[in-house]
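Q: sequence and predicted model, in that order:
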Amino acid sequence: MAARIESQPAWILHARAWRETSMLLDCLTRDHGRISLVARGVRRERTRLPRGLLQALQPLLLSWAGQGELVTLTGAEAAGAPFVLASGRLYAAMYLNELVLRLTGRGDPQPTLYEQYALCLRRLGGGEHEGWTLRRFERDLFAELGYALVLDTEHDHATPIEDDLDYAYRPDAGPERWHGQRDAVRVGGMALRALAADRQPGAESLGELRRLSRAMVGHLLGGRRLNAWALADAGR
């Protein structure tokens with residue numbers, strides 16, 4: 001029997017045209033995790049579904065029916081005002097959406113991640129430091145996925161991290177003292193401890209944490225890259 005879900009809190013991560021008149025929507029929902037919806041006929045001149053709402057950065061209440069990996073959107077309404085980000089921060093939102101889309105499994109309920117995603121958007125919209133906001137979200141996302149960063153101790157889980165030392169961080173093992181290892185990311189103890197304490201560090205440490213996050217994401221994607229990275233690198 002086909003499932004019918006009504007008024008589920010959700011965010012659209014990605015939308016694209018499908019066939020002649022429809023759209024495919026990848027969404028993050030509060031109680032059903034990441035799902036894929038088809039909005040049938042929404043690209044027609046006249047449609048009963050509010051096409052203008054079906055976009056990123058808009059909190060929504062979505063309804064759908066069906067079963068399997070692709071279900072049909074039956075209703076959509078705004079759950080609040082859309083987030084308005086400065087043009088320079090739209091990349092951050094695009095990166096955030098691709099990160100969730102590529103790393104989360106379909107149909108895996110993660111209500112904590114849903115709240116963390118909304119919090120990240122609020123921080124970006126509120127003017128908090130962009131890089132630090134993303135690093136905090138990545139840290140929490142890795143933990144939700146079962147790949148929590150090791151930030152307080154070395155990989156043996158016994159030797160404390162020290163601020164004035166550098167560490168070689170391997171995504172599949174954690175940090176150990178830096179000795180010129182070529183198969184690891186070099187990151188300062190001060191950066192690791194700051195992320196553990198949720199305390200924004202200086203620019204140099206933020207750069208180290210950015211490299212660490214890229215290594216973790218690449219590891220989880222089996223060596224593949226995010227499209228958003230190419231755009232960010234091209235804009236340098």
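A: Noted; the coordinates are in hand.
Q: look at the residue of the chain most remote from its centre and give its secondary structure.
A: In the chain, the greatest distance from the average C-alpha position (C-alpha atoms, centre = their mean) is reached by Arg46, at 33.7 Å. Secondary structure assignment for Arg46 (DSSP: H, G, I helix; E, B strand; the rest coil): coil.
Q: now Ala158
A: Applying three-state DSSP: Ala158 is coil.
Q: OK, contacts around it?
A: Under the criterion of C-beta atoms under 8 Å, 6 or more residues apart in numbering, Ala158 has no neighbours. C-beta here means a position set from N, CA and C on the backbone, and glycine is covered the same way.
Q: which elements pack onto the longest helix anywhere in the chain?
A: When the chain is scanned for its longest helix (criterion: DSSP state H), the result is helix 203-220. Packing contacts for helix 203-220, counted by 3 or more C-beta pairs under 8 Å, 6 or more residues apart in numbering; DSSP states H and E, involve helix 90-103, helix 130-144, strand 185-188, helix 189-196.
Q: out of these, nearest to Val42?
A: Between Val42 and these, the shortest separation by C-beta to C-beta is 19.5 Å, and it involves helix 90-103.
Q: packing partners of the closest one?
A: Here helix 90-103 is seen to pack against strand 3-18, helix 111-125, helix 130-144, helix 203-220, helix 227-234 when contacts are counted using 3+ C-beta pairs under 8 Å, 6+ apart.
Q: what's the closest of those to Gln58?
A: When these are ranked by distance to Gln58, counting by C-beta to C-beta, first place goes to strand 3-18 at 7.0 Å.
Q: report the angle between the closest one and helix 90-103.
A: Counting by axes from the mean of the first three to the mean of the last three C-alpha atoms, to 10 degrees, strand 3-18 lies at 120 degrees to helix 90-103.
Q: which secondary structure elements does strand 3-18 sit against?
A: In this structure, strand 3-18 makes packing contacts with strand 22-29, strand 60-66, strand 70-78, helix 90-103, helix 111-125, judged by 3+ C-beta pairs under 8 Å, 6+ apart.
Q: per-domain residue ranges of this protein.
A: Listed by automatic domain parsing, the domain ranges of the chain are 3-78, 87-234.
Q: export those to a markdown table and tack on mean pLDDT?
A: Formatted as a markdown table, the entries for the domains of the chain read as follows, by pLDDT from 0 to 100:
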| stretch | mean pLDDT |
| --- | --- |
| domain 3-78 | 92 |
| domain 87-234 | 94 |
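Q: most neighbours per residue, which of the helices and strands packed on helix 90-103?
A: Most buried of the helices and strands packed on helix 90-103, by mean neighbour count (mean count of other C-beta atoms under 10 Å): helix 130-144, with a mean of 20.
Q: ok, and what's touching that helix?
A: By C-beta under 8 Å, 6+ apart, the surrounding residues in contact with helix 130-144 are 89, 92, 95-96, 99-100, 103, 110, 112-113, 116-117, 119-120, 123-124, 148-149, 195, 198, 200, 206, 209-210, 213, 216-217, 220.
Q: and if you look at stretch 49-61?
A: Taking contacts as C-beta under 8 Å, 6+ apart, the residues outside stretch 49-61 that touch it are 7-15, 23, 25, 39, 41-43, 73, 75-80, 82-85, 93-94, 97, 118, 121.
Q: now do the buried residues in that stretch.
A: Across stretch 49-61, burial judged by 16 or more other C-beta atoms under 10 Å covers 49, 53-54, 56-61.
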